[in-house]
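1. show me the folded form of this:
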Amino acid sequence: MMKVSKINQQKIIKAQLLIQNNLDADLRLDSIAKNVGVSSGYLHRLFKANIGETIKQYVDRLRVKNQFTTFKYLNFLYCQLRLNMALTAQKLTHVHLRE
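-> Prediction:
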């Protein structure tokens, strides 16, 4: 990993924040570089040297992580729903048996 200047570190952080806040958008190296204020080639080299992966790899990894987190949350909600349904059915059965 190369030593990075404060200005370049700020550019990397700006690119990371832009990516993290726009994962659902069409994220292209040239548009990210334009927002950061550098050329796409320079941003590519800077990002790869300091983050250890290309911007595309970084975007893909974050998208997969985001999808996995969403899946885990939806699975949790599904389990909660099934549990609530089972408890409701159990209560209804209990009430029905009392009658």
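2. name the nearest residue to residue 44, ignoring sequence neighbours.
-> Taking Cβ to Cβ, 6 or more residues apart in numbering, and ignoring the residues beside it in sequence, residue 44 has residue 29 as its nearest neighbour in space, at 6.1 Å. Placement of C-beta: from N, CA and C, glycine included.
3. from residue 57, how far off is residue 85?
-> 42 Å (Cβ to Cβ, to the nearest Å).
4. oh, I was asking about residue 17
-> Counting by Cβ to Cβ - residue 17 and residue 57 are separated by 17 Å.
5. re the thing from before, look at the residue nearest to residue 44 and report its pLDDT.
-> For residue 29, the pLDDT comes out at 94.
6. between residue 85 and residue 57, which is the more surrounded one?
-> residue 57 (13 against 10; other Cβ atoms under 10 Å).
7. check contacts around the residue nearest the centre of the chain.
-> Residue closest to the mean C-alpha point of the chain, counted by Cα atoms, centre = their mean, is residue 66 at 3.5 Å. Shown in contact with residue 66 (Cβ atoms under 8 Å, 6 or more residues apart in numbering): residue 23.
8. in this structure the residue nearest to residue 44 contacts residue 43, no?
-> Yes: Residue 29 is within contact range of residue 43, at 6.7 Å (criterion: Cβ atoms under 8 Å).
9. overlap of the contact sets of these two?
-> Residues touching both residue 29 and residue 43 by Cβ under 8 Å, 6+ apart: residue 55.
10. quick one: which of the two has more around it?
-> residue 43 (23 against 18).
11. okay, and residue 18 sits in which element?
-> Secondary structure from DSSP states H and E places residue 18 in helix 6-20.
12. who are the packing partners of that helix?
-> On a contact count with 3 or more Cβ pairs under 8 Å, 6 or more residues apart in numbering; DSSP states H and E, helix 6-20 meets helix 29-36, helix 40-51, helix 55-98.
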